[in-house]
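> model this:
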Amino acid sequence: MARGYCYEICSNLDEIGNLSESDLYEYAGHEFDFASDLASEDSIEETTNFAEMLKNCGAEVIDVANDNGDNAYRVVFAEDTKLKYFSQRFASLKKLAAEITAEQFSEDSTELYDLRQAITNTCGDMVYFDGCLYNLDTFIRHAVVGKEYYIGNAALIH
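Got it, this is the predicted structure:
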């Protein structure tokens, strides 16, 4: 079963379109078991879905291409993009925090795991941003409002 996708994001439009599974080898066994390249049409579909999700959270998303003809999405986070992205999980976190018992909190329980995952999903999609790997939640939290980011391609991570 796949963990999710790793999305290539760059600060510079001319650097997109280069992510391949070999860029992720050093993280195999730590962040995920293994990575595999996606067929071009699958990568396009997944990056389109990712860009659409960010757009639904209030980010400005525009189709662009670099000088090499690589298609990408230019994404600019708005003031409320992060709030919209995390809103459902924050509601879930409050509910989980209200329901967890002291016993569950003091042990390595499923409830404690769920609480941690509500804060930062460490088992889902990831971002390869300017040569460094981040879980998606960490990238979103550190994204700068008003800065341009470029989404290139995607790889499958297991």
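> Can you show me the strands along the protein?
4-10, 35-37, 60-65, 71-76, 126-129, 132-135, 148-157 (DSSP state E).
> Among these, single out whichever gets nearest to residue 48.
Proximity to residue 48, assessed across the strands of the chain by Cβ to Cβ, is greatest for strand 71-76 (7.9 Å). Bear in mind the C-beta positions are built from the backbone N, C-alpha and C, glycine included.
> and the closest one, what does it pack onto?
Packed against strand 71-76 by the contact rule (3 or more Cβ pairs under 8 Å, 6 or more residues apart in numbering; DSSP states H and E) you find helix 40-56, strand 60-65, strand 148-157.
> Pick the most buried one from these.
Highest mean neighbour count among the helices and strands packed on strand 71-76 (mean count of other Cβ atoms under 10 Å): strand 148-157, with a mean of 22.
> Just want the angle from that strand to strand 4-10.
Using axes from the mean of the first three to the mean of the last three Cα atoms, to 10 degrees, the direction of strand 148-157 lies 150 degrees away from that of strand 4-10.
> Sheet partners, orientation included, of strand 148-157?
strand 4-10 (antiparallel), strand 35-37 (antiparallel), strand 71-76 (antiparallel) (DSSP bridges).
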